[in-house]
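Engineer: Predicted model follows, preceded by the sequence.
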Amino acid sequence: MSEAEQPCDCPACSGDGVDPGQILAAFVDDAATLAEAEDPLEAEMAGALFVAMAQSGGEETMEAFAGGFVPAIEARGTRAALTILTAISAMSGDEPTPAGASARAAAGRLTEAGVAAPVWAGHLAAPLSAGPFTRMYDDEGTMSVLVGVFERAGRGHALVIVVDHENCGAADQIYVLGEEELPTLVAGLHQGARADGVTIKTKKLGAPEFRWYAEQALEIRADHDAEDDPDADPEDADLVNEDGPGYAPLAVLARNRLATLPSPRRPRGAVTSPHTDDRTSLDVLQQFAALIDQAGGPGMFGLNLPGQRRPQPAKLPAKRKKSNGPAPVYQIKVSLKGAKPPIWRRLLVPGDITLNRLHHALLVAFGWHGDHMYVFDTPYGQFGRADRELGHRSDTPVTLEQVAPSPKDKIRYTYDFGDDWEHEILIEKATPADPTREYPLCTAGRRAAPPDDCGGIWGYQELVEILADPTHPEHEERLEWLGLTDAGQFTPEAFNPAEVNERLRRS
């Protein structure tokens, strides 16, 4: 406190004034590294930030960007300047604002003048493919998560929009993450919901339906933001935060992606969520946000979700020793949770079958393709493909009798963390092995299993209803998706254990 106060040398305090040209030069030069980026998504995110900045102050700011800012960047005449202008153009859409049109024209002039294009410009010109699209929502109607996958030049990413139905169905958060990170995010959402007794339903969407849901959420959020503070200072716009881009530039990127999809189509029975001030303690949206916060927030172009904290499971019992004699044969009943009418399989398996081998037997018994993640939930922990972030241990060395040693014991097997096919495995009885039989063996069952990727048990029920109604607008589309020529080929009531056993013998 006794030391002399050091004078501040900022322009405002020193009286030296601010040199806009110097600031702009430094700003443009900083974009030189962006020119070398290989992933066009990095450039698009930068362009989205500039578009959001221009939009934040209304028409006056737009005019300032178009008439002053963009020409000043063009005047630099460098590759870095072209990089910025190309990025802004990429996010300006087919009907650009004055700022976007100005940036597009300026980029064209620099290109004609021979300025080298950024590395990613060629990738950005490649066509953008889209799909699949998914909507996850909780059974209490408080939240939903829209997920759309996009790919360009061999690089995939997911657009995730969290919708708060307790706030009129407004978009609450937007995330952009690598396609390979999506299963971890979905698994974390389902695990958090299951831990709190909340059911997450999953529905596969067509591109028009996804666009309708997403645009509705974005528009409601825009209306709310305008109503909350119509005279807000542009500097207060949600442009950036400590974790990366804020909501505003991510919304620009989201609208750009949605514009590439077919015209929006309102899904059958879809309504806008009513506004309510009553919030429940078991709000899944808050759980999802908390999960993001645990990860340190979303990165600029990705999201890493750590494993959730769980109670320590009991110590896994030791494996059977040779001195204990041969393992018994377990008769297990595997039931698909939520299926009405019930869908189940009865199998005979060696007690010392590994969980990994049991996983493959269940894929055959239910006809799953096996292209998705899975996990066994047991009193001794979760086993599947080893994943430290999700807390899954490898299922390869673990046997069924280790985790379910006695009749009436139950464990859970979940396949596909998106559709969330949950199976209850009940140990019905244990008997000595019959040397004349080959195991695993299917002895009984009921009804055909749902097709992979149909949107979970609720999506399957909807699929059955649509195929039973030739007048339904999606009837032909669903037949084509299944590869069928008429609905008579779809037989959800059929089940043949002999066919299952033949596939088991070949597996």
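Structural biologist: Nice, I can see it.

Engineer: switch to C-alpha atoms for all contacts and neighbour counts from now on
Structural biologist: Noted.

Engineer: any low-confidence regions in the stretch 301-450 of the chain?
Structural biologist: Within the stretch 301-450 of the chain, the stretches with pLDDT under 70 are 301-312.

Engineer: what ranges do the helices span in the stretch 351-500 of the chain?
Structural biologist: 355-366, 400-403, 456-467, 475-482, 497-506 (DSSP state H, counting those that start in this stretch).

Engineer: actually the stretch 101-250 of the chain, sorry about that
Structural biologist: 121-124, 182-195, 207-228, 247-258.

Engineer: Report the backbone C-alpha coordinates of the second one in PDB.
Structural biologist: The reference is to helix 182-195. C-alpha atoms of helix 182-195 as PDB (Å, rounded to 0.1, in the frame of the first residue of the first chain):
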ATOM      1  CA  LEU A 182     -21.400 -37.800 -30.000                       C
ATOM      2  CA  PRO A 183     -21.800 -41.300 -28.500                       C
ATOM      3  CA  THR A 184     -20.100 -40.200 -25.300                       C
ATOM      4  CA  LEU A 185     -22.400 -37.200 -25.000                       C
ATOM      5  CA  VAL A 186     -25.500 -39.300 -25.700                       C
ATOM      6  CA  ALA A 187     -24.400 -42.000 -23.200                       C
ATOM      7  CA  GLY A 188     -23.800 -39.300 -20.500                       C
ATOM      8  CA  LEU A 189     -27.200 -37.900 -21.000                       C
ATOM      9  CA  HIS A 190     -28.900 -41.300 -20.700                       C
ATOM     10  CA  GLN A 191     -26.800 -42.300 -17.700                       C
ATOM     11  CA  GLY A 192     -27.600 -39.100 -15.900                       C
ATOM     12  CA  ALA A 193     -31.300 -39.500 -16.600                       C
ATOM     13  CA  ARG A 194     -31.400 -43.200 -15.500                       C
ATOM     14  CA  ALA A 195     -29.500 -42.400 -12.300                       C
END
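
Engineer: now that helix, how far from the centre of its chain.
Structural biologist: In terms of Cα atoms, centre = their mean, to the nearest Å, the centre of helix 182-195 is found 10 Å from the chain centre.

Engineer: which of the residues in that helix are buried?
Structural biologist: Neighbour counts over helix 182-195 (16 or more other Cα atoms under 10 Å) mark 182, 184-193 as buried.

Engineer: average model confidence for it?
Structural biologist: The pLDDT scores in helix 182-195 average 78.

Engineer: Now do the domain split for the protein, please.
Structural biologist: 11-124, 129-294, 322-448+491-506 (automatic domain parsing).

Engineer: Dump the ones you listed into a markdown table; add distance to residue 482 as well.
Structural biologist: Below are these laid out as a markdown table (distance: least, Cα to Cα, whole Å):
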| stretch | distance to residue 482 |
| --- | --- |
| domain 11-124 | 33 |
| domain 129-294 | 14 |
| domain 322-448+491-506 | 12 |
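
Engineer: Identify whichever of the ones you listed lies nearest to residue 457.
Structural biologist: Closest to residue 457 of those is domain 322-448+491-506 (Cα to Cα; 6.5 Å).

Engineer: Let's have the helices of the stretch 101-250 of the chain in CSV, adding distance to residue 130.
Structural biologist: Shown next, in CSV, are the helices of the stretch 101-250 of the chain (distance: least, Cα to Cα, whole Å):
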stretch, distance to residue 130
helix 121-124, 15
helix 182-195, 15
helix 207-228, 8
helix 247-258, 9
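
Engineer: highest average neighbour count across the ones you listed?
Structural biologist: Here the criterion is mean neighbour count by mean count of other Cα atoms under 10 Å, and of the helices of the stretch 101-250 of the chain the winner is helix 247-258, at a mean of 22.

Engineer: the inter-axis angle of that helix versus helix 207-228?
Structural biologist: Our comparison of helix 247-258 with helix 207-228, counting by axes from the mean of the first three to the mean of the last three Cα atoms, to 10 degrees, yields an angle of 150 degrees.

Engineer: So what touches helix 247-258?
Structural biologist: Residues outside helix 247-258 that contact it (Cα atoms under 8 Å, 6 or more residues apart in numbering): 44-45, 48-52, 91-93, 159, 173-176, 211, 214-215, 218, 237-240.

Engineer: what's the answer for stretch 341-361, then?
Structural biologist: Counting by Cα under 8 Å, 6+ apart, 320, 327-336, 365-366, 370, 376, 383-384, 395-402, 433, 439-449, 504 sit against stretch 341-361.

Engineer: Now intersect the residues you listed with the strands, please.
Structural biologist: 329-336, 376, 383-384, 441-446 (DSSP state E).

Engineer: Show the buried residues in those residues.
Structural biologist: Buried among these by 16+ other Cα under 10 Å: 329-336, 376, 383-384, 441-442, 444-446.

Engineer: Figure out which of the domains of the chain is closest to residue 458.
Structural biologist: The nearest among the domains of the chain, by Cα to Cα, is domain 129-294 at 6.9 Å.

Engineer: hang on, the earlier thing: taking the contacts of helix 247-258, please make a ChimeraX selection of just the buried ones.
Structural biologist: To isolate the buried ones among the contacts of helix 247-258 in ChimeraX, judged by 16+ other Cα under 10 Å, type:
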select :44,45,48,49,50,51,52,91,92,93,159,173,174,175,176,211,214,215,218,237,238,239
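
Engineer: Leaving out the residues flanking it, which one is nearest to residue 373?
Structural biologist: Counting by Cα to Cα, 6 or more residues apart in numbering, residue 416 is the residue found nearest to residue 373 once chain neighbours are left out, at 5.3 Å.

Engineer: swap in residue 224?
Structural biologist: residue 170 (8.0 Å).

Engineer: How about residue 29?
Structural biologist: Going by Cα to Cα, 6+ apart, residue 29 has residue 80 as its nearest residue, at 6.1 Å.

Engineer: which SS state does the one you found fall under?
Structural biologist: helix (DSSP: H, G, I helix; E, B strand; the rest coil).

Engineer: what about it, distance to residue 33?
Structural biologist: 8 Å (Cα to Cα, to the nearest Å).

Engineer: and residue 160, bridged to which residues?
Structural biologist: Note on residue 160: beta-bridge partners by DSSP bridges are residue 147, residue 175.

Engineer: Now do the contacts for it.
Structural biologist: 145-148, 174-176.

Engineer: Same check on residue 99?
Structural biologist: 51, 54, 62-63, 65-67, 70.

Engineer: Which of the helices or strands spans it?
Structural biologist: Per DSSP states H and E: residue 99 is located in helix 98-112.

Engineer: for that helix, which positions count as buried?
Structural biologist: 98-107, 110-111.

Engineer: And stretch 400-413, by the same measure?
Structural biologist: Those would be 400-405, 409-413, for stretch 400-413 by 16+ other Cα under 10 Å.

Engineer: Kindly report the same for stretch 458-471.
Structural biologist: 459-460, 463-464, 466-467.

Engineer: repeat for stretch 153-173
Structural biologist: 156-173.
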